[in-house]
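Q: kindly generate the corresponding structure for this input.
(one chain, ligands or ions: 2)
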Amino acid sequence: MQIKILGCSGGIGGSRRTTSLLLGDDTLIDCGTGVLDLEIEDLVKIRRVFLTHTHLDHLLSLPLMLDTVQEEAELQPLQLYLTRECDQIIREHLFNWKLWPDFFNLGDTEPTVLESNIFTVGEQIKTDQCELQMLPANHSVPAVGYLVRTGSGGSLAFSGDSTSNDQLWETLNQQPDLDHLIIECSYTDAEQELSTKAKHYCSSSLAEDLKKLEHKPDIYLTHLKPGAEEEIVTEVQKLVPDRSVKALRNGQQFEL
Ligand SMILES: [Zn+2]
Ligand SMILES: [Zn+2]
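A: Ligands and ions are numbered 1, 2, ... in the order given. Down below sits the predicted model:
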């Protein structure tokens, strides 16, 4: 199965797009601005969206794409996978007829176009092509990451937005293997204070945590602050010289 990075920046500007990963051609993890680049024929193929959390940079394209795919979704509702907390937040604050129509319930006579599937950290969901497990995260709002595993044995972990979190590393160490790790690192060390407040990793807090990881996957940094990308990667690499650390690139593809 192919995983394509549609967006991986911590913000916008130029060609930067915010977080979204396309698994095969019918599944998304997060729905940031990267989804806005998909053609209509690609959007209508998407059957399920796994959310890490409700911050706009991970969610923005979901309400917008529903307008485009509504006709197809009336035949086969778009399936949303998320925690109970995330489900409550988007129902209350987004799909509330004020910011956007309530696509969960457009009225008694209208077909359903969006359905929630509540799941919890540790639980596994099988799609046609892979298995996804929710990973623990530690962010300013309820958040999770995802571990993706395919039948052929390939594995990729994606942290979502998170700061230091022992549970994540324990969970990853319990896995038999790990091929790729996509981990957020939003700030340079100079912004350590801000990273603590916003509950994101900075270079040194991530480097410290990477020492807990027993596997030796390829490491890709995501959610880098716009303009500080190179500096963050250089800082982390210097602190963990025995690891290979690269910036995740928009458009990058992984074969699992
Ligand atoms: Zn966030
Ligand atoms: Zn974010």
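
Q: only C-alpha atoms for contact and neighbour calcs from this point on.
A: Fine.

Q: show the contacting residues for Asp6.
A: Small correction: residue 6 is Leu, not Asp. By CA atoms under 8 Å, 6 or more residues apart in numbering, the contact set of Leu6 is 17, 19-22, 34-35, 37, 250-251.

Q: most widely separated two among those?
A: The two members of the contacts of Leu6 with the most space between them (CA to CA) are Arg17 and Leu22, at 13.5 Å.

Q: mind listing the helices for this structure?
A: Here the chain has its helices, by DSSP state H, at 40-43, 61-75, 84-93, 166-174, 192-198, 203-210, 229-239.

Q: which other helices and strands does the second one contact?
A: Using 3 or more CA pairs under 8 Å, 6 or more residues apart in numbering; DSSP states H and E as the contact criterion, the secondary-structure elements in contact with helix 61-75 are helix 40-43.

Q: quick check: buried residues in the helix it packs on?
A: Going by neighbour count (16 or more other CA atoms under 10 Å), the buried part of helix 40-43 is Leu43.

Q: by contact count, what packs against that helix?
A: With 3+ CA pairs under 8 Å, 6+ apart as the test, helix 40-43 has helix 61-75 packed against it.

Q: please point out which parts of the helix it packs on sit buried.
A: Neighbour counts over helix 61-75 (16+ other CA under 10 Å) mark 61-63, 65-66, 69-70, 72-73 as buried.

Q: check those residues and tell me the two furthest apart.
A: Ser61 and Glu72 (16.9 Å).

Q: if we can go back for a sec, just put the helices of the chain in TSV and tack on distance to Glu184 and mean pLDDT.
A: Shown next, in TSV, are those (distance: least, CA to CA, whole Å; pLDDT from 0 to 100):
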stretch	distance to Glu184	mean pLDDT
helix 40-43	26	98
helix 61-75	20	95
helix 84-93	20	98
helix 166-174	13	97
helix 192-198	11	95
helix 203-210	8	97
helix 229-239	11	98
